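Trainee: quick check, what structure comes out for this input:
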Amino acid sequence: MRLFNGKKFPVSENAEIILPHIGKVLVEGLSEGQAAAEIISRYKNAGIYENPTVVVWDGSISCGVDEPMVTVGGVVNKPGPVTFVTGLTLGAAVQAAGGPIAGFGNQKRVKLFRDQKVTEHDLTKEESEKLLMQKNDTVEIPRKNPFSR
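Mentor: Okay, the predicted model is just below:
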């Protein structure tokens, strides 16, 4: 099995996947869905992602993972990988994922995970919307706080 989050993470001989921020995850005996659920749970419990998108597959089917990608997750209509092309902006990547779910996605606190760092961006501002993406970036649209506008 491998995990796709803009990158491939192979399973070791010990049935472990080593992932950024959370380290080793034992996937021995787990189905692809169970492994993805375990990884999602770990990222949520560590407070790294609020609503991550994780895809695990056995590698026997080509998923186009050799193409450069960015991953858009959280409260969007179509979470998952987006093909990276030169000139891809943060706004365009979010729109390629179907855009924030109307009324639920917080465009003012968009998280960008790049090179082990997290930055927050406001997609209602032009400079954030036009921010250039890089290969393997991960974007998360958080859920709106019911008390915010």
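Trainee: from now on I want contacts and neighbour counts done on CA atoms only, so please keep to that.
Mentor: Will do.
Trainee: quick one: contacts of the longest helix seen in the chain?
Mentor: In the chain, with assignment by DSSP state H, the single longest helix is helix 32-45. With contact meaning Cα atoms under 8 Å, 6 or more residues apart in numbering, helix 32-45 is reached by 1, 3, 22, 25, 27, 49-58.
Trainee: in stretch 136-149, what counts as buried?
Mentor: By 16 or more other Cα atoms under 10 Å, the buried positions in stretch 136-149 come out as Asn136, Asp137, Thr138, Val139, Glu140, Ile141, Pro142, Arg143, Lys144.
Trainee: give me the helix or strand of this structure that scores worst on average pLDDT.
Mentor: strand 2-4 (a mean of 43; mean pLDDT, DSSP states H and E).
Trainee: and the strands in the protein?
Mentor: Taking DSSP state E as the criterion, the chain contains strands spanning 2-4, 8-10, 16-19, 23-26, 55-57, 69-74, 80-83, 110-114, 117-121, 138-141.
Trainee: could you tell me the least trusted of those?
Mentor: Ranked on mean pLDDT, the bottom entry among these is strand 2-4, at a mean of 43.
Trainee: so how far is stretch 113-127 off the chain centroid?
Mentor: 13 Å (Cα atoms, centre = their mean, to the nearest Å).
Trainee: between the two ends of it, what distance do you get?
Mentor: 17 Å (Cα to Cα, to the nearest Å).
Trainee: and if you look at stretch 126-141?
Mentor: 17 Å.
Trainee: residues in contact with it: which ones?
Mentor: Counting by Cα under 8 Å, 6+ apart, 5-7, 49-52, 68-76, 84, 87-92, 94, 100, 105-107, 109-115, 121-123 sit against stretch 126-141.
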